[in-house]
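Q: A predicted structure for the sequence below; I have some questions about it.
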Protein chains: 2
Amino acid sequence: MRISQLSRRSGVSVTTIKYYLREGLLQPGRQTAATQAEYDDQHLRRLRLIRALTGVRGLSVSTTREVLDALAEHTGDTHRLLGLTLGSVRVGEEPAVDAPEAAQVEALVEKLGWDVHESAPARATLAETIGHLRALGVPLDWQTLLPYARLAERTAVLDLDQLKGIDDPLEAAERALLLTVLLEPALMALRRMAQENESARRHTP
Amino acid sequence: MRISQLSRRSGVSVTTIKYYLREGLLQPGRQTAATQAEYDDQHLRRLRLIRALTGVRGLSVSTTREVLDALAEHTGDTHRLLGLTLGSVRVGEEPAVDAPEAAQVEALVEKLGWDVHESAPARATLAETIGHLRALGVPLDWQTLLPYARLAERTAVLDLDQLKGIDDPLEAAERALLLTVLLEPALMALRRMAQENESARRHTP
């Protein structure tokens, strides 16, 4: 398809597509004339992914490129691909972590027997949150987090189940990325609603 | 205590405390001289709460005031207080919601039998996320969300359990607010780590 059709089908303007091409987020199309290139469904899928990462979740162009590069480098090994995909997007900004909080996270991971990379950004995010809550007078140790982690295990099973039947590892990784990043607001919304309901259940006569 | 001591104990600068006083986020202290006022532990707790809402979660001063006003208006009724507290903070920006997505949320809430206010912002957030994922070719109907919602129910039980033993309704509401808003990054981090672990479990020989 031409760039104009790629724009229509993706909902991304031609100007923005050209910007992504210049920045190397999108691979060039197949050149058919001096000023014309042909794009395919891979471009369309990639473009939707970029839009999801930058638009919906507000990642910077450079973070998006890091994530996409990680995807492209590991097409052979499904687990490494998923690991990189799921681990590569930070939950917030790069946190500064104190040692006592990192030790709580380490104790939790050990207790759970989880296979999580030492440098996974999620570890740092977890440690940082423990630090914030402690500063506000809400102690949060690994024992308190353990039942939450058990529920997270079951959530992850649901997440991974949604990737079943997708044979192409790259497509599975892209889907995993979408579900990880974009499902977060939905899961937080469900928690809010469930809290409201649970509060009603406990306090209504 | 004097404003300088309030500043030391809260970690909030005197300039910022004076700004919160001017904006009405913090109640004035007890005037002891023309240029001196006395503050108490209520001020300290409130200040920590304001810092959590504005600093850690990036709420605007006006949204923070709305939340705190809601807290102050409903000190008599624990459930209403918790409901307002938990329901009052939006997960993201005010979303624009399409009717088909809102119907999916309604079907889900009905199936679950949840007692959630019609105008709860979390409903709109959930509908918006369904819309985003649909636009990216990932269908997400209420049937898919149901097992996630069941896990959210159990998370909410853990959340509400942490408020046990706090008799003062205002203090319980403040604690609920902290746990709701500040625990979110931790829960998302746990999900990321659990996904990585589950992926290792499935794909490692």
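A: The structure has been received and is ready for your questions.
Q: From here on, just use CA atoms for contacts and neighbour counts.
A: Fine.
Q: How far away from the center of its chain is the longest helix belonging to chain A?
A: In chain A, taking DSSP state H as the definition, the longest helix is helix A:169-203. In terms of C-alpha atoms, centre = their mean, to the nearest Å, the centre of helix A:169-203 is found 13 Å from the chain centre.
Q: same check, this time on stretch A:99-108
A: When C-alpha coordinates are averaged (C-alpha atoms, centre = their mean), stretch A:99-108 and its chain have centres 23 Å apart.
Q: if we can go back for a sec, could you confirm whether the longest helix of chain A reaches chain B?
A: Yes. For helix A:169-203 and chain B, the contact criterion (C-alpha under 8 Å from any C-alpha of the partner chain) is met by A:175, A:178, A:180, A:182-200, A:203.
Q: Contacts only, for residue A:14.
A: For residue A:14, the contact set (C-alpha atoms under 8 Å, 6 or more residues apart in numbering or on different chains) comprises A:3-4, A:7.
Q: any idea how far it lies from chain B?
A: Separation of residue A:14 from chain B (C-alpha to the nearest C-alpha, to the nearest Å) stands at 18 Å.
Q: so what's that residue scoring on pLDDT?
A: For residue A:14, the model assigns a pLDDT of 94.
Q: Mind listing what's buried along whichever helix or strand residue A:123 is part of?
A: Here residue A:123 sits within helix A:121-135, counting by DSSP states H and E. Of the residues in helix A:121-135, A:121-133 count as buried by neighbour count, 16 or more other C-alpha atoms under 10 Å in any protein chain shown.
Q: ok and that helix relative to helix B:169-203, angle-wise?
A: 160 degrees (axes from the mean of the first three to the mean of the last three C-alpha atoms, to 10 degrees).
Q: wait, does helix A:121-135 make contact with chain B?
A: Yes. Judged by C-alpha under 8 Å from any C-alpha, helix A:121-135 comes into contact with chain B through A:122-123, A:125-126, A:129-130, A:132-133.
Q: how about CSV for those, with pLDDT added?
A: Below are the residues of helix A:121-135 next to chain B laid out as CSV (pLDDT from 0 to 100):
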residue, pLDDT
A:122, 85
A:123, 88
A:125, 84
A:126, 91
A:129, 85
A:130, 88
A:132, 77
A:133, 81
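Q: closest to residue A:101 among these?
A: Using C-alpha to C-alpha, residue A:130 comes nearest to residue A:101 of the residues of helix A:121-135 next to chain B, at 6.3 Å.
Q: any chance you could map the helices in chain A?
A: Going by DSSP H, chain A shows helices at A:3-10, A:14-23, A:41-51, A:61-73, A:78-88, A:99-112, A:121-135, A:142-161, A:169-203.
Q: mean pLDDT lowest for which of these?
A: Among the helices of chain A, helix A:78-88 scores lowest, at a mean of 60.
Q: Could you list the domains of chain A?
A: For chain A, the structural domains run A:1-56, A:57-203, going by automatic domain parsing.
Q: Spatially central residue in chain A, please.
A: The residue lying closest to the centre of chain A (C-alpha atoms, centre = their mean) is residue A:181, at 3.6 Å.
Q: about what we covered before: nearest to residue B:47, out of the helices of chain A?
A: Using C-alpha to C-alpha as the measure, helix A:121-135 is the one of the helices of chain A that comes nearest residue B:47, at 12.3 Å.
Q: Packing partners of the closest one?
A: helix A:78-88, helix A:99-112, helix B:169-203 (3 or more C-alpha pairs under 8 Å, 6 or more residues apart in numbering or on different chains; DSSP states H and E).
Q: related to what we said a few turns ago, convert the helix holding residue A:123 to CSV, retaining C-alpha atoms only.
A: Output of helix A:121-135 as CSV, limited to C-alpha atoms (Å, rounded to 0.1, in the frame of the first residue of the first chain):
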residue,chain,number,x,y,z
PRO,A,121,12.8,-2.3,36.3
ALA,A,122,9.7,-3.6,38.1
ARG,A,123,12.0,-4.6,41.1
ALA,A,124,13.1,-0.9,41.4
THR,A,125,9.6,0.4,41.1
LEU,A,126,8.4,-1.9,43.8
ALA,A,127,11.2,-0.9,46.1
GLU,A,128,10.5,2.8,45.5
THR,A,129,6.8,2.4,46.3
ILE,A,130,7.7,0.7,49.6
GLY,A,131,9.9,3.6,50.4
HIS,A,132,7.2,6.2,49.6
LEU,A,133,4.6,4.5,51.8
ARG,A,134,7.1,4.1,54.6
ALA,A,135,7.8,7.8,54.5
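Q: Could you check what's spatially nearest to residue A:31, not counting adjacent residues?
A: Using C-alpha to C-alpha, 6 or more residues apart in numbering or on different chains and skipping residues adjacent in sequence, the residue nearest residue A:31 is residue A:37, 4.2 Å away.
Q: What are the neighbouring residues in contact with residue A:116?
A: Residue A:116 neighbours (C-alpha under 8 Å, 6+ apart): A:109, B:193-194, B:196-197.
Q: I'd like the distance between it and residue A:109.
A: Per C-alpha to C-alpha, to the nearest Å, residue A:116 is found 8 Å from residue A:109.
Q: How many residues are close by the nearest residue to residue A:28 once chain neighbours are set aside?
A: The shortest distance from residue A:28 to any residue other than its chain neighbours is 6.3 Å, reached at residue A:21 (C-alpha to C-alpha, 6+ apart). With neighbours defined by other C-alpha atoms under 10 Å in any protein chain shown, the count for residue A:21 comes to 14.
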